[in-house]
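> Give me the fold of what follows.
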Amino acid sequence: EAPIVVTMRDGRDVVASAVKIWARLDLSPLDAAAQWRLAAESYLKAQAVPHLLLRYEEVVRDPNKFFADLFSYLGFTYDSRFGEEIETNTSFGGRRQGAGIVPSSHFADMFDIKTQEEIEALLLPTLRALGYEARMDSHRVSFKARAAFLWHYARRKAVLALQKAGLLWIALVARRIIKI
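Numbers count the residues shown, from 1 in each chain. A predicted model of the protein is given here:
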């Protein structure tokens, strides 16, 4: 059996990064949030399969421990010189903190308070199931956020149903048309 390694990142930060990176595709924050939530919920349903969960926040906080855990899980010996190279990598500079999950400032810097509240409200049940904490006070899911989530959920279910029915080519065309 092949070892399975799953990487996870706080959905709020994923949304901020996705919107920034995919700006030319006009990806709305709520669309990105709905897609992350669906992916994270799929992970939560599949947890019975033996795997190693590694969080992005852990690699930022303590890259040596992150890679030592990964190497150990894969059956390799970890050389601390590898960690020294990681320490000098500017991708991790200035972001490490003490123990615990490290929130980035991406989310707060990129969106106004109302948008942050909408995104967090949509993601919060899934974030909590994955061990992340709430950052906002308001957690009422707006109609707009619910609609975005339901739209992505329905699109994904439709393509999966086409695939299950053996209509793979139609599913592939549908994926391109509805951009799943």
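> Every contact and neighbour count from this point should use C-alpha atoms.
Noted.
> quick one: contacts for residue 17?
By Cα atoms under 8 Å, 6 or more residues apart in numbering, residue 17 lies in contact with residue 106.
> residue ranges with poor pLDDT in this protein?
Applying pLDDT under 70 to the chain flags the ranges 83-105, 137-146, 155-156, 158-160, 162-163, 167-180.
> ranges for the strands of it?
5-8, 52-55 (DSSP state E).
> of all these, which lies closest to residue 149?
strand 5-8 (19.7 Å; Cα to Cα).
> Sheet partners, orientation included, of that closest one?
Applying DSSP bridges to the sheet, strand 5-8 is found paired with strand 52-55 (parallel).
> Go through the strand it pairs with and flag the buried ones.
Of the residues in strand 52-55, 52, 54-55 count as buried by neighbour count, 16 or more other Cα atoms under 10 Å.
> Name the nearest of these relative to residue 118.
Nearest to residue 118 among the buried residues of strand 52-55, with distances taken as Cα to Cα, is residue 55, at 23.7 Å.
> any idea how far residue 69 is from residue 35?
Taking Cα to Cα, to the nearest Å as the measure, residue 35 falls 28 Å from residue 69.
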